[in-house]
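Visitor: All I have is the shape, not the residue letters:
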């Protein structure tokens, strides 16, 4: 079974629109970590954020915000006022404390921001 | 710091050939891993290491070997290349000892097996 599901394969938005990328995870651990990574067209993987399972506070960093909800096992990522430079593939990932040596990645969401 | 480096950036192999993908990090990270990225499948873990001398299998280990003789280096060996191993390979490292769990990735190696 997929531990991390990113149901949105591709999303297109017009510049300045807000967009939310969904991430749903599955784990039996009480302690786990969630991540978002960005992969721009150049191909490198860029770390964006890490969240612990015991910290449900939402986080905002500039135009980026993350909504972590344990009740729905979701860790969604919102980009406000999207820009062309936000065009990339975004991956959500899970690491469990019990098997902490393995990261489980979702299949990614490809975001295209149209100028 | 160079971070995580990978060589080569591109490689073309014939079926049955062997080769080693190199990975090095200069951040003194304990944990290192290898992933492959295929279209529509995200990143899948091949092998990982929690320290020098310790390696373990990930989700898709068949056809690959690893070793970790030093903290800095974590090479990935393809024993007998197959077209199914055509992929982009990423090496990553993280510092678990400091409680930081995010992984930092190298630039990737694009491998084509014909």
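Guide: Happy to help now that I have it. As the structure is a prediction and not an experimental result, all values here were calculated from the model.

Visitor: CA atoms for contacts and neighbours, from now on please.
Guide: Noted.

Visitor: and residue 41, what does it touch?
Guide: All of this is about chain A. By Cα atoms under 8 Å, 6 or more residues apart in numbering or on different chains, the contact list for residue A:41 reads A:87-89.

Visitor: ah, no, chain B please
Guide: The neighbours of residue B:41, taking Cα under 8 Å, 6+ apart as the test, are A:106-107.

Visitor: do the same with residue B:93
Guide: Residue B:93 sits next to B:4, B:25, B:29-33, B:103-105 when contact means Cα under 8 Å, 6+ apart.

Visitor: just curious, which of these is nearest to chain A?
Guide: For these, the minimum distance to chain A (Cα to the nearest Cα) is 6.1 Å, reached by residue B:105.

Visitor: Was I right to think the closest one contacts residue B:89?
Guide: No: applying Cα atoms under 8 Å as the test, residue B:105 and residue B:89 come out as separate, 10.3 Å apart.

Visitor: residues making contact with stretch B:81-91?
Guide: B:4, B:6, B:13-18, B:23, B:32-38, B:63, B:105-114.

Visitor: What subset of those is buried?
Guide: Neighbour counting over the contacts of stretch B:81-91 (16 or more other Cα atoms under 10 Å in any protein chain shown) leaves B:4, B:6, B:13, B:23, B:32-37, B:105-113 as the buried ones.

Visitor: Residue B:33 and residue B:48 touch, don't they?
Guide: Yes: in this structure, residue B:33 is within contact of residue B:48 by Cα under 8 Å, at 4.1 Å.

Visitor: got the contact list for residue A:2?
Guide: By Cα under 8 Å, 6+ apart, the residues touching residue A:2 are A:26, A:106.

Visitor: try 7 Å
Guide: By Cα atoms under 7 Å, 6 or more residues apart in numbering or on different chains, no residues touch residue A:2.

Visitor: roughly how far apart are it and residue A:27?
Guide: 10 Å (Cα to Cα, to the nearest Å).

Visitor: Near chain B, which residues of chain A are found?
Guide: Applying Cα under 7 Å from any Cα of the partner chain, one finds that chain A approaches chain B through A:44-45, A:50, A:105-108.

Visitor: Please pick the buried ones from those.
Guide: A:45, A:50, A:105-108.

Visitor: What count of nearby residues applies to residue A:97?
Guide: 14 (other Cα atoms under 10 Å in any protein chain shown).

Visitor: which residues touch it?
Guide: A:31-32.

Visitor: Which residues does the residue lying closest to residue B:103 once chain neighbours are set aside form beta bridges with?
Guide: Closest residue to residue B:103 apart from its sequence neighbours, by Cα to Cα, 6 or more residues apart in numbering or on different chains: residue B:94 at 4.6 Å. On the basis of DSSP bridges, residue B:94 is bridged to residue B:31.
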